[in-house]
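Chemist: Provided below are the primary sequence and the corresponding predicted coordinates.
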Amino acid sequence: MRPIVEFCTNNMHHGTDEVMRRLEENPDIDVIEYGCLGNCGQCYMEPYALVNGEIVPASSADELFEAIMAKIKEWEAQFAWLDD
């Protein structure tokens, strides 16, 4: 199962468009862009994305990329036992 990272088009003014492009280069991650994710207050205030439906916020686009990757690793660790 591949992780799903969702972005809001309205959040791109925080630099999340570059984060999205970087993640799209990884064929093991599904990246989806929506017109609105329904988190308007948070969207206005800070960069964020949804990773498998969970909000991942950050104070900058670079920090968001790192937070997303950390959340993906955390998520993958939960399913590591399936590989055994």
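Modeler: Arrived safely, thanks for sending.

Chemist: Please count neighbours and contacts with C-alpha atoms only from this point.
Modeler: Will do.

Chemist: Secondary structure class of N11, three-state.
Modeler: Under DSSP: H, G, I helix; E, B strand; the rest coil, N11 falls in the helix class.

Chemist: quick one: it and K73, what's the gap?
Modeler: Counting by Cα to Cα, to the nearest Å, the separation of N11 from K73 is 24 Å.

Chemist: Same drill for those two, tell me which one is more crowded.
Modeler: Using other Cα atoms under 10 Å as the criterion, N11 and K73 rank with N11 on top: 23 against 12.

Chemist: Could you tell me which residues make contact with the nearest residue to that one once chain neighbours are set aside?
Modeler: What sits nearest to N11 in space, not counting adjacent residues and going by Cα to Cα, 6 or more residues apart in numbering, is C43, at 5.4 Å. C43 is in contact with 8, 10-11, counting by Cα atoms under 8 Å, 6 or more residues apart in numbering.

Chemist: Now do the strands in this structure.
Modeler: 4-8, 30-34, 48-51, 54-57 (DSSP state E).

Chemist: In CSV: those strands, plus mean pLDDT and mean neighbour count.
Modeler: Formatted as CSV, those follow (pLDDT from 0 to 100; neighbours: other Cα atoms under 10 Å):
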stretch, mean pLDDT, mean neighbour count
strand 4-8, 98, 21
strand 30-34, 97, 15
strand 48-51, 98, 24
strand 54-57, 97, 16
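
Chemist: Can you add distance to W81 and give the ones you listed back as a markdown table?
Modeler: Shown next, in a markdown table, are the strands of the chain (distance: least, Cα to Cα, whole Å):
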| stretch | distance to W81 |
| --- | --- |
| strand 4-8 | 20 |
| strand 30-34 | 22 |
| strand 48-51 | 21 |
| strand 54-57 | 22 |
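
Chemist: gap between the two ends of stretch 41-49?
Modeler: OK, stretch 41-49 end separation, Cα to Cα: 13 Å.

Chemist: same question, stretch 35-46
Modeler: 17 Å.

Chemist: Give the buried residues for it.
Modeler: For stretch 35-46, the neighbour count (16 or more other Cα atoms under 10 Å) marks 37, 43, 46 as buried.

Chemist: quick check: mean pLDDT across that stretch?
Modeler: Stretch 35-46 shows a mean pLDDT of 94.
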